[in-house]
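Enquirer: build me a model from this:
(one chain, ligands or ions: 1)
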Amino acid sequence: MKPRVFCLILSFVLLLGLCPAASASAAWDEQPDAWYEIFVRSFCDSDGDGLGDLNGVTRKLDYISSLGCGGIWLMPVMPSPSYHKYDVTDYFDIDPEYGTLEDMRALLAEAHAHGIRVILDLPINHCSSEHPWFRSAADSETSPFRGWFNWSAEPQNGYSEINGVWYESRFVASMPDLNLDCSAVREQIACILRFWLLNVGVDGFRLDAVTSYYTGDTERNLAFLDWLADTAHAIRPDCFLVAEAWTDLDSIARLSEARVDSFFTFPVSQAEGYIARVLGRANRHPGRSYGEYTALLEETLPAGTIPAPFTENHDTGRTVGFTGRSSPEKTKMAGGLLCLMRGAVFLYYGQEIGMVGSGEDPNKRIGMLWTDETSTTLPPPGTTKVEYAYPSVAEQDADPASLLNYYRQALSLRAQFPAIARGTSTVLPCDFDELCLIRREYAGEELVLIVNPSDSWVRLAPMSLPAGFRTLAASLCANPAYTVSYRPVRAGLSMPPYSIAILTPSA
Ligand SMILES: [Ca+2]
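Expert: Prediction:
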């Protein structure tokens with residue numbers, strides 16, 4: 001069905017009042033608690049043209065399942081003149097570089113058969129300057145699309161010039177900001193949501209650049225996010241919306257009052273973020289730090305929002321950049337600390353094999369190393385450095401001690417103990433600054449996470465152990481030669497460097 005015909009029919013259905021009532025944010029239980037972000041161009045090439053594509057993603061669903069991720073975030077897939085596709089020229093199609101709508105439907109069918117949900121990146125703060133809407137609006141003051149953009153007769157900050165007037169373009173001139181107050185723009189956005197959620201069958205959206213919807217105006221951003229969330233959830237109550245608000249924790253907490261399901265927890269990420277600080281060389285109390293950050297997140301973020309912690313994405317330096325190439329144990333522990341966090345964790349493709357990349361954006365988006373460097377996708381335009389610090393997926397798959405297999409084990413803990421992702425946290429007192437003890441409770445399940453993010457062995461004597469947690473239910477050590485030992489009555493708990501233990505009440 002043609003998108004326009006589809007939208008007409010759907011508008012009619014909505015007018016008749018047959019659409020489901022708006023619901024609050026989708027229940028947390030229905031959503032995966034581990035997601036995998038994919039830059040399609042650099043992931044897997046199915047047809048040999050050197051560019052990754054949707055059929056390539058479909059081929060790798062078994063791999064994503066094996067990793068333990070129940071959701072995929074596809075970076076933009078709609079037609080666009082840029083390699084990254086954050087400037088869209090048609091919101092109702094797939095960029096031919098990546099395939100077709102039929103390929104997308106096939107990917108969704110296979111993903112759903114794997115129990116994997118798929119969300120699309122949705123850049124609606126701006127479109128492309130080559131979008132027919134903007135071409136028409138810029139060509140004539142009487143264009144019906146003139147009001148879809150924000151104009152100024154004078155130059156001003158965040159605006160670019162065309163034909164003697166200025167238009168809002170907060171990122172770059174090639175990305176004109178849409179006028180989100182324009183009712184026709186909102187109708188169009190509702191139509192885009194319906195098309196992808198109902199006609200194509202995606203499971204939600206990652207909302208790009210939400211603090212730029214109304215730059216500097218939190219109240220209007222909140223109101224627009226509520227409208228967007230209500231519109232999407234009315235179309236599909238179980239759709240998942242996760243928003244990119246690249247800002248500090250208090251601002252994220254404020255925006256989290258909107259009815260959007262989830263916000264990325266930016267303060268956890270990057271070289272200055274919580275996990276990097278816990279593992280920093282100068283930190284003499286890494287366990288205490290991890291406990292303090294856990295408590296801070298718990299206190300600051302509204303209880304109804306799903307936090308979405310991550311350590312790296314397509315805009316940031318990669319995790320290995322702050323853990324150090326010569327510290328595979330620390331790199332593993334960064335993944336372990338992430339995978340113990342409450343909420344929906346997001347991994348960026350290649351993170352699980354220790355891919356590196358920093359500086360220019362294209363360097364952070366190079367080809368996934370499946371086997372060897374000669375068979376990756378082509379580097380994105382503008383790439384200044386292509387290098388790999390760790391072995392390929394094929395090699396790491398075969399090595400039980402690899403980073404890849406560590407990530408699999410860390411994510412399997414989330415699947416095995418739902419309290420890790422969904423529970424409420426209480427940080428318990430601990431005699432050692434190296435260690436952190438966190439109690440999690442969810443749906444009658446209780447456990448204590450014991451985390452040693454230091455490079456030292458630490459032993460907790462029997463009298464220092466959390467009362468009532470007598471069973472070592474699981475453990476994970478960055479160095480596979482070490483093991484956690486637990487003898488609660490005689491010797492206590494011995495935690496190797498960079499290790500995790502999960503205690504549950506007596507059987
Ligand atoms: Ca291809």
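Enquirer: for the ion, what's the nearest residue on the stretch 51-200 of the chain?
Expert: Asp53 (4.0 Å; CB to the ion). C-betas here are computed from N, CA, C, even on glycine.
Enquirer: what's near enough to touch that residue?
Expert: Neighbouring residues of Asp53 by CB atoms under 8 Å, 6 or more residues apart in numbering: Val40, Cys44, Asp45, Ser46, Asp47, Glu97, Tyr98, Gly99, Asp103.
Enquirer: quick one, grab the pLDDT at Ser327.
Expert: Reported pLDDT at Ser327 in the predicted model: 94.
Enquirer: tell me how far it lies from Leu411.
Expert: Using CB to CB, to the nearest Å, one gets 21 Å for the distance from Ser327 to Leu411.
Enquirer: which of the two has more neighbours?
Expert: Using other CB atoms under 10 Å, the more surrounded residue of Ser327 and Leu411 is Leu411, with 23 against 17.
Enquirer: a helix runs through that one, doesn't it?
Expert: Yes. Counting by DSSP: H, G, I helix; E, B strand; the rest coil, Leu411 is found in a helix.
Enquirer: how close does it get to Asp361?
Expert: 27 Å.
Enquirer: now Val210
Expert: 20 Å.
Enquirer: looking at these two, which one has more neighbours?
Expert: Comparing Val210 with Asp361 by other CB under 10 Å, the one with more neighbours is Val210, at 24 against 15.
Enquirer: give me the pLDDT for the more buried one.
Expert: 98.
Enquirer: what's the answer for Leu8, then?
Expert: Note on Leu8: pLDDT of 48.
Enquirer: for the closest residue to Gly52 other than its chain neighbours, what are its contacts?
Expert: Of all residues not flanking Gly52 in the chain, Phe43 sits nearest, at 4.2 Å (CB to CB, 6 or more residues apart in numbering). Listed by CB under 8 Å, 6+ apart, the contact set of Phe43 reads Gly52, Gly56, Val57, Lys60, Tyr349, Met368, Thr377.
Enquirer: and these, which are buried?
Expert: Gly52, Gly56, Val57, Lys60, Tyr349, Met368, Thr377 (16 or more other CB atoms under 10 Å).
Enquirer: now those residues as a markdown table including secondary structure and pLDDT?
Expert: Formatted as a markdown table, the buried ones among the contacts of Phe43 follow (DSSP: H, G, I helix; E, B strand; the rest coil; pLDDT from 0 to 100):
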| residue | secondary structure | pLDDT |
| --- | --- | --- |
| Gly52 | coil | 98 |
| Gly56 | helix | 98 |
| Val57 | helix | 98 |
| Lys60 | coil | 98 |
| Tyr349 | coil | 98 |
| Met368 | coil | 98 |
| Thr377 | coil | 98 |
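Enquirer: how near is Asn199 to Phe266?
Expert: According to CB to CB, Asn199 and Phe266 sit 33 Å apart.
Enquirer: these two - which one has more neighbours?
Expert: Just comparing Asn199 and Phe266: by other CB under 10 Å the higher neighbour count belongs to Phe266, 21 against 17.
Enquirer: what does the stretch 1-150 of the chain have sitting close to the ion?
Expert: Asp45, Asp47, Asp49, Leu51, Asp53 (CB under 5 Å from the ion).
Enquirer: and if we set it to 6 Å?
Expert: By the rule CB under 6 Å from the ion, the part of the stretch 1-150 of the chain lying against the ion is Asp45, Ser46, Asp47, Asp49, Leu51, Asp53.
Enquirer: most neighbours, which of the residues you listed?
Expert: Asp53 leads those on contacts (other CB under 10 Å) with 27 neighbours.
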